[in-house]
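> Take this sequence and fold it.
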Amino acid sequence: MKIVPYDSKYKEDFIEMNKKWISEMFEIEAEDIRELKNIEPIIERGGNIFFALDNNDSVMACCMIGPREDGDWEIMKFAAKGMYTGSGAGNACLKACMEYAKKKGIGRVIIVSNRKCVHALHLYRKNGFVEIPVDKEKFPFERADIAFERWFE
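Below you'll find the model as predicted:
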């Protein structure tokens, strides 16, 4: 497995993986569509997507970090192909996002999620994210019922 930063050749994998897991557990919301249609503008504003690739360069997992309009940085999208759940691919992508944040001097990264996403919540906690109150105005997702932050020095 190797971790690579965003390359447009993986854009459709990113979109499809995220649509798939969201639609399997929830409904795709307007904010999902907005984020998935604005990958390049997020990248242009300093964001990135990290992909875990297998030995055949097939995408196993992905994680997007990007700046929000309010100045905060967020783990915006995070997905793994079902067959790779538990392989460490998602954790490696999340760690790549955290390293990216540290290198860019970003002080804090936030995440919103749902309590049904047990595996993701475990990864967030394992990687030092601490639960914070969900700001429903800031995070308009219907499914958002838990939020986390991680501070970097």
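> Go ahead and name everything in contact with the element among helices and strands of the chain having the smallest mean pLDDT.
Least confident helix or strand, the chain: helix 30-37 with a mean of 90, by mean pLDDT, DSSP states H and E. Outside of helix 30-37, the residues within contact range by CB atoms under 8 Å, 6 or more residues apart in numbering are 14-15, 18-19, 22, 42, 64, 76-77, 140-141. Where you see a C-beta, it was placed from the backbone N, CA and C, and this is true even at glycine.
> what do you get for stretch 145-153?
By CB under 8 Å, 6+ apart, the surrounding residues in contact with stretch 145-153 are 98, 101-102, 106-115, 121, 124-125, 127-135, 139.
> Equivalent analysis for stretch 66-75, please.
42-43, 45-48, 63-65, 76, 94, 97, 101, 106, 108-112, 138.
> Sitting in strands, which of these do you find?
Mapping the contacts of stretch 66-75 onto strands (DSSP state E) picks out 48, 63-65, 76, 108-112.
> Of these - the most surrounded one?
Most neighbours among the ones in strands among the contacts of stretch 66-75, by other CB atoms under 10 Å: residue 63, with 29 neighbours.
> Contacts only, for it.
Residue 63 makes contact with 49-50, 75, 77-79, 90, 93-94, 96-97, according to CB under 8 Å, 6+ apart.
> among the contacts of stretch 145-153, which ones are buried?
When these are checked for burial by 16 or more other CB atoms under 10 Å, the buried set is 98, 101, 106, 109-114, 121, 124, 129, 139.
> Grab the two from these that are most spread out in space.
106 and 114 (24.2 Å; CB to CB).
> Show me which residues of stretch 10-24 are buried.
Neighbour counts over stretch 10-24 (16+ other CB under 10 Å) mark 10, 13-15, 17-18, 21-22 as buried.
> Could you measure from residue 149 over to residue 95?
Distance of residue 149 to residue 95, given as CB to CB, to the nearest Å: 17 Å.
> my read: residue 14 touches residue 49, true?
Yes: between residue 14 and residue 49 there is a contact at 6.0 Å, judged by CB atoms under 8 Å.
> Find residues that contact each of those two.
Contact with both residue 14 and residue 49 is made by residues 39, 62, 64, 77, according to CB under 8 Å, 6+ apart.
> closest to residue 4 among these?
Among the shared contacts of residue 14 and residue 49, residue 62 lies closest to residue 4 (CB to CB), at 10.0 Å.
> Next, residue 103: secondary structure please.
What DSSP: H, G, I helix; E, B strand; the rest coil gives for residue 103 is helix.
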